[in-house]
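J.: Give me a model of this one.
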Amino acid sequence: MIHIIGEGGNTDRDALQVQTRERWNIPNFRKLESSTYMRALHEENLARHPRWQLRSIASGYNCMGLAFAARRTWIESDYFAKIVGDDGFREVSEGKVQPGDLIAYVRQREVLHVGVVLHTTADIARGTFDYTVLSKFGRSPEYIHAHDDVPKFLAEPRPEVQFWTERVLPP
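T.: As a prediction, this is how the structure comes out:
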């Protein structure tokens, strides 16, 4: 069942009031699913990604709603640039990523998915970093996973990974 709640504006009686810091109303809606459906989706996901850890089977929001609307609503990823711009986020390099920063999976300038970084680990031998991420892939449940252990739509072809923060960074 999809429950459209409009454009999230002041005149929409059914909309959630979600705004950027610049007071731009973020269009949003809810996609409510039954717990039976969510549990079945979890079983499918776990078969493909056995290292994923289930965080929640809640429905009604997506990755953007997880990152920007406290798990309350679905926000299309088309609004990512507007939200991070209005809210004062800055792109940050791999070595400066901290828990709470956002990871964006981008292909041809299109944001495909956004997650919240929970943990960073330097891999000295490879000279790289590994990240543990909290994600909600579309209608799927929430998962904690390695940043490179993602659904097929994000893995092939491999997207660019960007990191965003609203922390104050030293000059």
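J.: Any stretches of this structure with poor pLDDT?
T.: 1-15 (pLDDT under 70).
J.: Contacts for the helix of greatest length in it next, please.
T.: Ordering each helix of the chain by length in residues (DSSP state H) puts helix 35-48 first. Under the criterion CB atoms under 8 Å, 6 or more residues apart in numbering, residues E33, W52, L54, I57, A58, S59, F137, R139, S140, P141, Y143, P151 lie in contact with helix 35-48. Bear in mind the C-beta positions are built from the backbone N, C-alpha and C, glycine included.
J.: Report the buried residues of stretch 19-31.
T.: Q19, T20, W24, N25, I26, P27, N28, F29, R30, K31 (16 or more other CB atoms under 10 Å).
J.: Return the subset of those lying in helices.
T.: Reading helices off the buried residues of stretch 19-31, I find no matches (DSSP H).
J.: picking up where we left off before, pull the CA atoms of the longest helix of the chain into PDB?
T.: Taking C-alpha atoms only, helix 35-48 is exported to PDB below (Å, rounded to 0.1, in the frame of the first residue of the first chain):
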ATOM      1  CA  SER A  35       5.400  -6.600   8.900                       C
ATOM      2  CA  THR A  36       4.800  -9.900   7.100                       C
ATOM      3  CA  TYR A  37       6.000  -8.400   3.800                       C
ATOM      4  CA  MET A  38       9.000  -6.800   5.600                       C
ATOM      5  CA  ARG A  39      10.000 -10.100   7.200                       C
ATOM      6  CA  ALA A  40       9.900 -11.900   3.900                       C
ATOM      7  CA  LEU A  41      12.000  -9.200   2.300                       C
ATOM      8  CA  HIS A  42      14.500  -9.600   5.200                       C
ATOM      9  CA  GLU A  43      14.800 -13.400   4.500                       C
ATOM     10  CA  GLU A  44      15.500 -12.700   0.800                       C
ATOM     11  CA  ASN A  45      18.100 -10.100   1.700                       C
ATOM     12  CA  LEU A  46      19.800 -12.300   4.300                       C
ATOM     13  CA  ALA A  47      20.100 -15.100   1.700                       C
ATOM     14  CA  ARG A  48      22.100 -12.800  -0.600                       C
END
